[in-house]
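[1] next come a sequence and a model predicted from it.
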Amino acid sequence: MAIHNELGKEGEEAAVQFLMNRGYQIRHRNWRCGRKELDIVAVHQGELVIVEVKTRRNKLYGDPEEAISETKIRRIVSSTDAYLRKFAIDLPVRFDIISLTGDPQLGEIEHIPNAFYPPIW
């Protein structure tokens, strides 16, 4: 596995632990449906929370969350729609970002609730 893939996997594990320590119930990790993918799907206080995780070794190229483009947001929203349909979920949905910089276990972690809203098509 490539080093950047290992870093991403470690970052997602740290994000899951971070969320669980704050009372989030994890429904799925790396949920896939065809080419659609969601990093973390959780439930917290009556909301379905879709979490995109971005991990970087440093901020040389900016904050990790800056890597989430409008195209990526549209893919996440489309994947969420597929998830809601597949599992017949009727809960409010929130889109969060967890940004990790440095060592995923010891580095900086930032949770950004309501990081973005679904774009108007």
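    That came through fine.
[2] pairing partners for the helix or strand hosting Glu37, with directions?
    In this structure, Glu37 sits in strand 36-44 according to DSSP states H and E. According to DSSP bridges, strand 36-44 forms sheet pairs with strand 25-33 (antiparallel), strand 47-56 (antiparallel).
[3] let me see the mean pLDDT of that strand.
    Taken as a whole, strand 36-44 has an average pLDDT of 96.
[4] that strand: which residues count as buried?
    By neighbour count on 16 or more other CB atoms under 10 Å, the buried set for strand 36-44 is Lys36, Leu38, Asp39, Ile40, Val41, Ala42, His44. Every residue, glycine included, has its C-beta placed from N, CA and C.
[5] looking at these, which one is closest to Arg56?
    Asp39 (14.8 Å; CB to CB).
[6] with adjacent residues omitted, what lies nearest to the closest one?
    Val53 (4.6 Å; CB to CB, 6 or more residues apart in numbering).
[7] what about the one you found, neighbour count?
    For Val53, the count of nearby residues is 26 (other CB atoms under 10 Å).
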